[in-house]
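Engineer: pasted the sequence and its predicted model underneath.
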Amino acid sequence: MTLIPTSKTRNVNGISPIELNDIFNFLQGAVYCWCKNRKYEWFSLRSLMGGDNFYWETTPLMSLFDKHKALGKTNDVAIKDAGKDCGWILKSLLQNDSRDFEHKKEDLIRKYRWVAPSHE
């Protein structure tokens, strides 16, 4: 794994193990599609999910927003905090993926890129 081994990750609490597994599967599918179609391009959670728009209603990611709303947060704060949670889940997913990814911080967000094998 090319991600820095000491790079920290955080556990996301407040959702069920089933919800977390669904989020992992959903994000892994998005990453696989990105790597297949945009092999050498950098991506972030924002780019995988269509920019700064919040259209999570029909996705497993909605459980993260619902968690923060249940804590009494405003929509804007719940969206921001759900995005942070989702970013931690994405980072954890990539650190545990069988493929190698490099990363950088740019424009205040974490970006990743698949390090494709030379024979690809």
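Structural biologist: Arrived safely.

Engineer: tell me where the chain has strands.
Structural biologist: With strands called from DSSP state E, the chain shows them at 101-106, 109-114.

Engineer: chain center to the last one, what's the gap?
Structural biologist: Meaning strand 109-114. When distances are taken as C-alpha atoms, centre = their mean, to the nearest Å, strand 109-114 is centred 10 Å away from the chain's centroid.

Engineer: mean confidence score for that strand?
Structural biologist: Mean pLDDT, computed over strand 109-114, is 92.

Engineer: list the buried residues for that strand?
Structural biologist: Residues of strand 109-114 classed as buried by neighbour count (16 or more other C-beta atoms under 10 Å): 110, 111, 112, 113, 114. (C-beta placed from N, C-alpha, C; glycine too.)

Engineer: still on that earlier bit, to residue 35, which of the strands of the chain lies closest?
Structural biologist: Of all those, it is strand 109-114 that lies closest to residue 35, at 4.5 Å by C-beta to C-beta.

Engineer: output the buried residues of strand 109-114 as JSON lines; include the columns distance to residue 10.
Structural biologist: What follows is these, written out as JSON lines (distance: C-beta to C-beta, whole Å):
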{"residue": "110", "distance to residue 10": "13"}
{"residue": "111", "distance to residue 10": "18"}
{"residue": "112", "distance to residue 10": "17"}
{"residue": "113", "distance to residue 10": "22"}
{"residue": "114", "distance to residue 10": "23"}
